[in-house]
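Asker: What shape does this take:
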Amino acid sequence: MSRPQVVAVVATLDTKGPEAEFLRAWFAGRGLVVRLVDVGTGGPPQCVLSHEDVTRDQVAAAGGSSVAELPLLRRDMAMAAMGRGAGKVLRAWAEAGALAGALGLGGNQGTAIASLALRAVPVGIPKVMVSTVASGNIRPYVGASDIAMVFAVGDLLGGPNRLTRGVLARAAGMLAGAIDAGGALDEPVRDTRPAVALTTLGNTHAAAVRIMETLGGRGIEVVPFHASGAGGSAMEALVERGVFAGVIDLTPHELLGELFGDDIYAPVGVRRLSAAARRGLPLVVAPGGLDYFVFGPPEAVPPHYTGRPTHYHNPYNTNVRAAPDELARIGRVLAERLNEATGPAAFLYPLRGWSEIGREGAPLWDRAGNEALRAAVTEGLRRDRVGYAEIDAAINDPAFADAMAAAFLDLARARLSATGRRDRHGGRVRGQDAHPGDDARVGALRAR
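Answerer: As a prediction, the model looks like this:
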């Protein structure tokens, strides 16, 4: 297949038509074909559309609405319909192998619509959003996608000027450079190793590294995800897409934000610990990072969390200990979601702490809080369906990391062996290769 050459420019052409025309000319001068995607909901386009461009009528229809109906909808619903419609258009081009990259333009409204469309484009296809609101909280716009946000500095109004012309050109250059670098994106396709997802935070770093080294030595590529809300959400989406052969959810910290809402590391539009369970993938879970909430700077900590043990991770990241009643609720949810697993699953519990700052003797160590979660998990877990083991170690101790790796290999043995792939030493990928004595240590985890 020839290399895709189509660049999509998504914009409200009733207000950003001249900027879109500027970008069309810029990309055309570099051998790329631009298709404008009009997501405007106001007056007529401020530019001329070609027969290959996508009109607002086509976008609205793809979003399940019509241009005539949009004014009758609540404003946010009309914008969502246009974002969905444009997303379907871009996704279809991507699936057909035609889309080289996409660039969105917008103020507040345009950013909301265009970023919704860009999020529909698969990870790996370059996406740039030029926005007047990019210097603020961009999580609602980016979500768990790989969108690069560029602050417009000046308003995108009345056509490119001495300030915005340079911003637009540099954003276009970013996208063109990413498209040129796209050959590297083919590398994972050529990699014949099975891939496993792993969640981590700085406070579970040592365990994550050791697990990666152990499984990497057995011919498995471990792809880590920072459990910062978007990271775990991206992992869940990629698991749903069939990218991974298994999941090691060492650090399901985002459950705190999902259940209580205050944590800045809340997941983005997903239900954590669901995708692997639903798809029947081998799944090993630990309580990494569940012992504390993550907030911004100290002044951002909600008043009802004051007075608890606190760790000041950096000037913009404050960690506050979770209370026993909160952790009991987390434990019940962990058990419920693990019980939903349609494939082999296990929960490993480190008795001496779930994070570097929450290990025994550290600032956020709290035996009573930890016990509340452990009791809830053990009470709710269906032992006939899900394995369970307690390890007399802290989460970052080598003994616990080795137990996690061995448990995963034990549960995943049949799936990984069926691939017939070989590790770097020429041996087949098998659970019993993990470590002398591993079968004895994790044998109780075999729940199926």
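
Asker: Setting aside sequence neighbours, what's the nearest residue to Asp263?
Answerer: Nearest non-adjacent residue to Asp263, counting by C-beta to C-beta, 6 or more residues apart in numbering: Gly257, 3.4 Å away. Just so you know, the C-beta spots here come from the backbone N, C-alpha and C atoms, and that holds for glycine as well.

Asker: could you check the distance from that neighbour over to Tyr265?
Answerer: Distance, Gly257 to Tyr265, using C-beta to C-beta, to the nearest Å: 5 Å.

Asker: Give me the common contacts of those two.
Answerer: 229, 294 (C-beta atoms under 8 Å, 6 or more residues apart in numbering).

Asker: Nearest residue to the middle of this protein?
Answerer: Ala234 (1.8 Å; C-alpha atoms, centre = their mean).

Asker: Centre of the chain to the edge, which residue is at the far end?
Answerer: Most distant from the centre of the chain: Val48, at 37.6 Å, with distances by C-alpha atoms, centre = their mean.

Asker: Could you pull up phi and psi at Val285?
Answerer: Phi and psi for Val285, reported as degrees, to the nearest 10, are phi -120, psi 140.

Asker: give me every residue that touches it.
Answerer: By C-beta under 8 Å, 6+ apart, the contact set of Val285 is 249-250, 252, 273, 334, 338, 345-348.

Asker: Can you tell me which of these lies closest to Asn370?
Answerer: Asn370 has its nearest neighbour among the contacts of Val285 in Leu334, at 13.1 Å by C-beta to C-beta.

Asker: show me the contacts for the closest one.
Answerer: For Leu334, the contact set (C-beta under 8 Å, 6+ apart) comprises 252, 255, 273, 285, 287, 347, 373, 376-377, 380.

Asker: what does Pro324 give?
Answerer: Per C-beta under 8 Å, 6+ apart, neighbours of Pro324: 366, 368-369, 371-372.

Asker: redo that, cut-off 7 Å
Answerer: 368-369, 372 (C-beta atoms under 7 Å, 6 or more residues apart in numbering).

Asker: next one: Val386
Answerer: Counting by C-beta under 7 Å, 6+ apart, Val386 makes contact with 338-339, 341, 345-347, 447.

Asker: ok, now how distant is it from Ala169?
Answerer: 55 Å.

Asker: One more: Pro140?
Answerer: From Pro140 to Ala169 the distance is 27 Å (C-beta to C-beta).

Asker: ditto for Gln5
Answerer: According to C-beta to C-beta, Gln5 and Ala169 sit 20 Å apart.

Asker: Could you dump the contacts of Leu334 into TSV and include distance to Gly124 and pLDDT?
Answerer: Shown next, in TSV, are the contacts of Leu334 (distance: C-beta to C-beta, whole Å; pLDDT from 0 to 100):
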residue	distance to Gly124	pLDDT
Pro252	25	98
Leu255	28	97
Leu273	25	97
Val285	27	98
Pro287	32	98
Phe347	32	98
Leu373	37	98
Ala376	39	98
Val377	36	98
Gly380	38	97
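
Asker: Show the average pLDDT along the strand ranked longest in the chain.
Answerer: In terms of residue count, the longest strand belonging to the chain (DSSP state E) is strand 99-106. Across strand 99-106, the average pLDDT comes to 96.

Asker: For it, report the contacting residues that lie outside it.
Answerer: Residues outside strand 99-106 that contact it (C-beta under 7 Å, 6+ apart): 4-12, 16, 19-20, 23, 32, 90, 93, 113-115, 117-118, 121, 125-131, 156, 171-172, 175, 178-179.

Asker: Mark which of those residues are buried, thanks.
Answerer: Among the contacts of strand 99-106, those classed as buried by neighbour count (16 or more other C-beta atoms under 10 Å) are 4, 6-12, 16, 19-20, 23, 32, 90, 93, 113-115, 117-118, 121, 125-131, 156, 171-172, 175, 178-179.

Asker: Filter those down to the ones in helices?
Answerer: Among the buried ones among the contacts of strand 99-106, DSSP state H puts 16, 19-20, 23, 90, 93, 113-115, 117-118, 171-172, 175, 178-179 in helices.
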